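> For reference, the sequence and a predicted model appear below.
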Amino acid sequence: MDSSSPRDSVNRVLEATSNSARLYGNGLGMIASENIISPNVKRAINSDLHGRYAEGLPGKRYYQGCEDFDTIESLGIDLAKKVFNAPFANIQSTSGTVSNIGALKALAKPGDSITAVSTADGGHISHARMGAVGLRDLHVSTYPWDENRMEPDIDGSCALIRELKPKITLVGQSVFLFPTPLKELADAAHEVGSTVMYDGAHVLGLIAGGVFQDPLREGADVMTGSSHKTFPGPQGGFLLSSNEDSKFQRKLNNSMFPGVVSSYHLHHVAGKVVALAEFEAFGKAYAQDIVKNAQAFAQALAAEGFDVLAESRGYTASHQVLTRHGDIDSGAGATAAALLEKAGIITNMNMLPGDSKAMTPSGLRLGVQELTRVGMGPREMEEVASFYARVLLQNEDVKAIKNDVHHLKSDFQHVQYCFDSEDFPAYEGM
Ligand SMILES: Cc1ncc(COP(=O)(O)O)c(C=O)c1O
């Protein structure tokens, strides 16, 4: 049992918070699901809204005192519709998983069937029986996977959809290198009366920036996603739809409140709306730079001698790059991630095609969206790839590499692609 006093505990939390900011401020954050927020998003999050409630929708509340928040949420709904070119937007979700739980609730009943990408092929846990799909008691069948193209095998997946007639045809992954061949899958789904749900958690910023794919025009009826990955807002989620029918839209709104949220973290909603406005101004350039950097990074890693996946397709069309560091199921990905951390490079191990165990995978999933956000470009991607080679191929002393990492990062301490960043350190609290 920890015997420290309450005051000690407070101090320890605050100290660990500063240490974490220092780790990322001095190092290279390369986890594909993470990002940092702009000064104005931070201001909105640190506001009095943190402690408030507003159940319902703007103008239809169960609480008094919501007039100012109504202004914020109404503006946010309009901006989300514009930024994602969506006829319907709900911005109340507190995470990508919550968006998925809400959508699954709106679109299917317990006992219904669903198709999705398996977690081994890069699908998210919320698409599986162990996650949200199981919570809704849906029966999931997974698509056959094309390992060379790193996407669902089109013919096999269309055949599965036509045979199973799932209530929901769910697509999108956590390991997401290339756009989903959505039109073909959506045609098969709609033929058998299935609703197409696209989980854009990882790639939402790329979609809004016009550089990945356009799911709501390629056949997706509903799009879910996180607001804090390539879309660079605070932690939260979006629920979007191409369907203009008011009854369908009401069902989606109800799936959020009263479906899966009561308080929906009003300070984060305010931050999300600021992020939407900043995305309108800067998002296209940001999204383009992310993909440019991911491709430059993949090429530089391959040139250093790493096994980078999907060479035949140009390695990546998203923010992610996948590398294999040893035999299948060898745990080489875990070893690589641990060594990189010692050099100040924060990554995560990941299962790659062939791996069967999540704790001993052979690969890494790397993301460049955070480094792009602080202003790094293709030249820095080459330097970062050379750090990887020094740690993992040349077995150099990690302390020396960590110093060089710190030196590189010291020039990239401000969030770009936003307003008012000059005087605000990106990693406040260091
Ligand atoms: C495809 C996919 N969907 C949903 C989520 C869950 O998002 P959140 O962490 O916002 O709940 C993730 C998380 O990484 C994801 O990769």
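Arrived safely, thanks for sending.

> got a pLDDT number for Asp2?
Listed pLDDT for Asp2 reads 71.

> what's the residue nearest to it when sequence neighbours are not counted sitting at in phi/psi?
Distances taken as Cβ to Cβ, 6 or more residues apart in numbering put Ser9 closest to Asp2, at 7.8 Å, once the chain neighbours are dropped. Quick note: C-beta positions are derived from backbone N, CA and C, even for glycine. Geometry field for Ser9 lists phi and psi as phi -60, psi -40, criterion degrees, to the nearest 10.

> tally of neighbours for Ser9?
Counted with other Cβ atoms under 10 Å, residues neighbouring Ser9 total 11.

> do you know how far it is from the ligand?
According to Cβ to the nearest ligand atom, to the nearest Å, Ser9 and the ligand sit 27 Å apart.

> cool, Ala116 as well?
Noted for Ala116: a distance of 10 Å to the ligand, by Cβ to the nearest ligand atom.

> Make 326 the starting number, not 1.
That works, and once the first residue is 326, the last one we named lands at Ala441.

> my read: that residue touches His464, true?
No: counting by Cβ atoms under 8 Å, His464 is not a contact partner of Ala441; they are 10.9 Å apart.

> With neighbour numbers in mind, choose between those two.
Taking neighbours as other Cβ under 10 Å, Ala441 and His464 compare with Ala441 leading, 27 against 15.

> Report the beta-bridge partners for the more buried one.
Beta-bridge partners recorded for Ala441 (DSSP bridges): Thr467.

> tell me the contacts of it?
If a contact means Cβ atoms under 8 Å, 6 or more residues apart in numbering, then Ala441 has Gly448, His452, Ala453, Val458, Val465, Ser466, Thr467, Tyr468, Leu495, Val496 as its contacts.

> count of neighbours near the fourth one?
The number of residues packed near Val458 is 25, by other Cβ under 10 Å.

> which stretches of the stretch 576-725 of the chain form helices?
Per DSSP state H, counting those that start in this stretch, the stretch 576-725 of the chain carries helices over the ranges 591-629, 657-667, 694-698, 703-717, 723-734.

> One more: the stretch 326-475 of the chain?
331-351, 364-370, 392-408, 421-432, 457-460.

> So which of these is the most surrounded?
Compared across the helices of the stretch 326-475 of the chain, helix 421-432 shows the largest average neighbour count, a mean of 26 (mean count of other Cβ atoms under 10 Å).

> any idea how far the residue in the chain that the ligand sits nearest to is from Glu747?
Per Cβ to the nearest ligand atom, the residue of the chain with the smallest distance to the ligand is Gly421, at 2.6 Å. Gly421 is 31 Å from Glu747, where distance means Cβ to Cβ, to the nearest Å.

> now swap in Gln738 and tell me
From Gln738 over to Glu747 the distance is 11 Å, taken as Cβ to Cβ.

> Neighbour count: the two, which is higher?
Higher neighbour count among Gln738 and Glu747: Gln738, with 16 against 7, using other Cβ under 10 Å.

> Residues touching stretch 584-599, excluding its own?
Residues lying outside stretch 584-599 but in contact with it, judged by Cβ under 8 Å, 6+ apart, are 362-363, 365-372, 374-375, 377-380, 394, 397-398, 400-401, 404, 416-419, 423, 426-427, 430-431, 552, 558-561, 581-582.

> any idea of the mean pLDDT in it?
Stretch 584-599 shows a mean pLDDT of 97 in the predicted model.

> Name the residues of it that are buried.
With burial defined by 16 or more other Cβ atoms under 10 Å, the residues of stretch 584-599 counted as buried are 584-586, 589-599.

> That one vs the ligand: in contact?
No: using Cβ under 6 Å from any ligand atom, we find that stretch 584-599 stays clear of the ligand, coming within 11.4 Å at best.

> now the closest residue to Pro469 other than its chain neighbours, what's its secondary structure?
Leaving aside its sequence neighbours, Pro469 sits nearest to Gly481 (Cβ to Cβ, 6+ apart; 3.6 Å). Using DSSP: H, G, I helix; E, B strand; the rest coil as the criterion, the local structure at Gly481 reads helix.

> Any figure for the gap between Gly481 and Pro491?
Gly481 sits at a distance of 14 Å from Pro491 (criterion: Cβ to Cβ).

> Then Thr549?
Taking Cβ to Cβ as the measure, Thr549 falls 17 Å from Pro491.

> Between these two, which has more neighbouring residues?
Taking neighbours as other Cβ under 10 Å, Thr549 and Pro491 compare with Thr549 leading, 29 against 24.

> secondary structure element for that one?
Thr549 belongs to strand 547-551 when assigned by DSSP states H and E.

> interface residues of the stretch 426-575 of the chain facing the ligand?
Along the stretch 426-575 of the chain, the residues adjacent to the ligand under the rule Cβ under 6 Å from any ligand atom are His449, Ser451, Gly497, Gln498, Ser499, Asp524, Ala526, His527, Ser551, Gly562.

> Identify the farthest-apart pair in the residues you listed.
By the measure Cβ to Cβ, Gln498 and Gly562 form the most distant pair in those, at 16.6 Å.

> higher neighbour count, the two?
Gly562 (31 against 25).

> So the more buried one sits against Lys554, correct?
No: proximity of Gly562 to Lys554 does not meet the contact threshold set by Cβ under 8 Å, at 10.5 Å.

> can you list residues touching both of those two?
With contacts taken as Cβ under 8 Å, 6+ apart, the residues that reach both Gly562 and Lys554 are Gly421, Ala526.

> ok now do the spatially closest residue to Gly702 that is not a sequence neighbour, which residues does it touch?
Of all residues not flanking Gly702 in the chain, Asn618 sits nearest, at 6.7 Å (Cβ to Cβ, 6+ apart). Under the criterion of Cβ under 8 Å, 6+ apart, the contact list for Asn618 reads Val693, Leu696, Thr697, Met701, Gly702, Pro703, Met706.

> Near the fourth one, how many other residues are there?
Neighbour count of Met701, defined by other Cβ under 10 Å: 24.

> need the contact list for it.
Here Met701 is in contact with Asn618, Val693, Val709, Phe737 (Cβ under 8 Å, 6+ apart).

> Identify the residues contacting stretch 372-382?
Among residues not part of stretch 372-382, those counted as contacts by Cβ under 8 Å, 6+ apart are 386-388, 390-391, 394-395, 397-398, 578, 582-583, 587-589, 591-592, 594-595.
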